[in-house]
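Asks: prediction below, plus the sequence it came from.
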Amino acid sequence: MKPNNSFSLIKNRMKQEPNILPMSLQEAKERGIKQFDIILVTGDAYIDHPSFGIAIIGRVLWDAGFSVGIIAQLDWKSGEDFKKLGKPRLFFGVTSGNVDSMVNNYTPNLKIRSDDVYSPSGKGGLRPNRAAIVYSDKLHSIFPDTPVVLGGIEASLRRFAHYDYWSDSVRQSILADAPADMIVFGMGERQVVEIASRLSKGEDIKEITDIAGTVIKMELSKWRSIGHEGYVEIPGFAEVSKDKGLYAKAFALHYREQDPVRGRTVVQPHPKTVIIQNKPAMPLSTAELDHVYELPYTRNAHPGYKKPIPALAPVKFSITSHRGCFASCSFCALTHHQGRIIQSRSIESIVREAKRMTQMADFKGVVADVGGPTANMYSLHCGLWDTRGACADKICTHPLCKSLETSHLKQVELLRRLREIPGVKKVFIGSGIRFDLVLADSSEYLSELCAHHVSGHLKVAPEHITQRVTDIMHKPSKDSFEDFKKKFEAMNKEHGKKQYILPYFMSGHPGCTLKDMIELAEYIRDNNLYTEQVQDFTPTPMTASTCMYYTGINPFTMKEVYVAKGREKRIQRALMQYKDGRNYGLVYEGLKAAGREDLIGGGWKCLIKRT
């Protein structure tokens with residue numbers, strides 16, 4: 001079962017791309033399609049834009065020569081919507097959408113959300129909880145002989161036994177719970193094209209076991225009968241669901257294998273099956289990435305929708321410049337999804353995309369964002385990635401590795417080229433930057449950024465200011481943030497600009513005590529950084545922070561970590577919004593419990609008044 005990493009995406013065998021992928025049999029008939037090769041089922045409304053996974057996967061498959069139909073936000077309570085496009089020739093591809101369905105349906109306080117930005121008019125309640133499982137169950141009952149392949153963030157990050165915040169329990173791999181044949185994890189273009197190609201050649205889905213970037217399941221008896229050389233077996237579901245120490249150990253073991261160059265196959269036994277993760281797929285080359293993002297997306301919702309879909313507006317005129325993030329923040333799952341190796345598009349490709357946007361009738365001259373998970377990682381590279389992959393025993397930015405290239409000159413060139421395009425008035429960086437990388441760079445990047453690319457506020461994410469907490473988070477120190485803040489303010493003054501930093505801080509993260517949160521609240525007060533935009537840590541699947549939240553153990557050191565839960569977690573969040581009168585009782589309780597009643601009263605340093 002040696003993974004295949006050689007599959008290329010640059011094929012373009014289909015003679016004619018549709019203006020938009022079909023969502024009905026009438027649209028299929030108009031395109032001369034009697035039976036779809038592949039049907040993609042999603043919990044989101046269908047938006048033909050490269051910021052939405054279903055659009056990319058659909059376009060890539062069509063470009064590779066396969067007809068694709070879309071069933072979006074179907075009624076899961078009956079079977080009719082599942083039948084609306086008939087039976088596909090090859091397989092059903094299932095995703096809950098751009099966001100995990102539980103994150104999408106519930107607030108961090110486990111209250112049901114009333115809205116959903118991925119639905120027409122933002123209407124909530126149009127997707128089920130654990131959507132990937134629900135959709136798979138229904139498809140399997142109606143089309144029992146048709147393969148079902150899971151993909152997207154929900155399936156990708158639930159591929160091993162995982163702590164589930166919403167049930168407060170350890171759940172099995174989603175592949176053990178769903179009647180699906182395979183998971184495509186990470187960015188799935190290579191995988192889906194190879195799956196489709198091999199099924200089209202007559203291979204059985206049960207025998208396709210070697211594709212990098214996929215997870216399969218195998219009967220226990222079959223697993224015991226084959227050789228296990230070259231595999232990393234992690235503690236099984238029965239063990240990790242009862243022993244928090246083994247859960248932390250299992251997480252650390254599979255975390256270290258999430259690299260396409262040095263990663264090995266990871267195996268986790270479950271009561272009725274064995275879950276087998278092949279090594280991650282190789283990153284796309286620059287040429288392949290260019291090809292994917294230059295497919296003919298309309299950048300609009302399917303015309304069948306009569307109401308706007310809120311998720312489209314902020315990204316409609318944005319451009320993805322790269323993938324991957326080497327920061328490895330503990331609370332982020334990107335290491336397990338896009339990986340740590342940066343994959344950048346060419347400047348020429350990005351310029352072509354921007355030029356196409358200027359031809360759209362509703363383009364007003366503003367490119368809202370040019371970036372990726374972290375905007376200023378575009379084109380950054382480490383010479384070790386090509387032959388050894390990302391290091392297993394160190395974090396690229398904590399501390400900042402000397403092997404890492406930190407020059408932003410190529411991004412400066414990119415931004416200048418975009419500004420020169422006729423019809424483009426402004427090019428903004430909206431996706432946030434990593435300020436420690438800016439400090440490590442000696443180019444003109446900060447000057448260019450302040451002069452041309454900040455739309456009033458620049459997003460940065462220090463997350464916290466207490467060293468112990470930032471170390472656990474794998475974030476830069478308070479000193480680094482303050483150094484950047486001073487340089488940013490000085491550069492704006494030099495350019496005659498009034499622009500501000502919009503910092504993101506987090507409450508309730510593992511390692512953060514009540515004392516730490518009060519220290520952060522005082523820092524926010526002293527530096528006039530108060531904002532209504534705060535983030536309460538939510539334990540989402542497959543992050544190191546979630547492992548710490550559940551186990552109370554740092555999986556990388558196996559040392560105990562303090563974890564705030566229940567009421568204290570609510571108090572920590574309230575402390576970041578101490579000016580909000582609705583939080584008065586919680587803030588008062590927190591300050592009193594910490595012995596900080598000096599912050600209650602009428603003085604200018606007090607967070608709240610005494611009643």
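Replies: Arrived safely, thanks for sending.
Asks: please tell me how far stretch 453-461 is from the chain's geometric centre.
Replies: In terms of C-alpha atoms, centre = their mean, to the nearest Å, the centre of stretch 453-461 is found 21 Å from the chain centre.
Asks: then stretch 32-47?
Replies: 23 Å.
Asks: quick one: end-to-end distance for it.
Replies: 23 Å (C-alpha to C-alpha, to the nearest Å).
Asks: report the mean per-residue pLDDT for that stretch.
Replies: Averaged across stretch 32-47, pLDDT comes to 97.
Asks: just checking: what are the partner strands of whichever strand or helix holds Val266?
Replies: Assessed by DSSP states H and E, Val266 sits inside strand 265-269. In the sheet, strand 265-269 lines up against strand 231-233 (parallel), strand 274-277 (antiparallel) (DSSP bridges).
Asks: deepest-packed of these, please.
Replies: strand 274-277 (a mean of 24; mean count of other C-beta atoms under 10 Å). For the C-beta atoms, the positions are set from N, CA and C on the backbone; glycine is no exception.
Asks: pLDDT score for Thr335?
Replies: Value for Thr335, per-residue pLDDT: 89.
Asks: wait, it sits on Glu257?
Replies: No: contact between Thr335 and Glu257 fails when scored by C-beta atoms under 8 Å: they sit 11.0 Å apart.
Asks: look at those two and report which has more neighbours.
Replies: Thr335 (23 against 17; other C-beta atoms under 10 Å).
Asks: turn the strands paired with strand 265-269 into a markdown table, including distance to Tyr106 and mean pLDDT.
Replies: Shown next, in a markdown table, are the strands paired with strand 265-269 (distance: least, C-beta to C-beta, whole Å; pLDDT from 0 to 100):
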| stretch | distance to Tyr106 | mean pLDDT |
| --- | --- | --- |
| strand 231-233 | 33 | 95 |
| strand 274-277 | 26 | 98 |
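Asks: for Ser141, find the nearest of the ones you listed.
Replies: strand 274-277 (22.8 Å; C-beta to C-beta).
Asks: now do the helices in the stretch 151-300 of the chain.
Replies: 152-156, 174-177, 189-200, 220-225, 237-240, 244-255, 286-293 (DSSP state H, counting those that start in this stretch).
Asks: neighbouring contacts of the third one?
Replies: With C-beta atoms under 8 Å, 6 or more residues apart in numbering as the contact definition, helix 189-200 has outside contacts at 4, 7, 9, 11, 37-38, 56-57, 60-61, 64, 66, 89-91, 93, 147, 149, 151, 182, 184, 205, 208, 211-214, 281-282, 284, 288, 292.
Asks: dump the strands paired with strand 265-269 to a markdown table, plus distance to Gly32.
Replies: A markdown table is the format used below for the strands paired with strand 265-269 (distance: least, C-beta to C-beta, whole Å):
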| stretch | distance to Gly32 |
| --- | --- |
| strand 231-233 | 46 |
| strand 274-277 | 39 |
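Asks: and Thr298, which of those is closest to it?
Replies: strand 274-277 (35.1 Å).
Asks: quick one on the thing from earlier: so which of the helices of the stretch 151-300 of the chain gets nearest Tyr530?
Replies: Nearest of these (C-beta to C-beta): helix 152-156, 31.7 Å.
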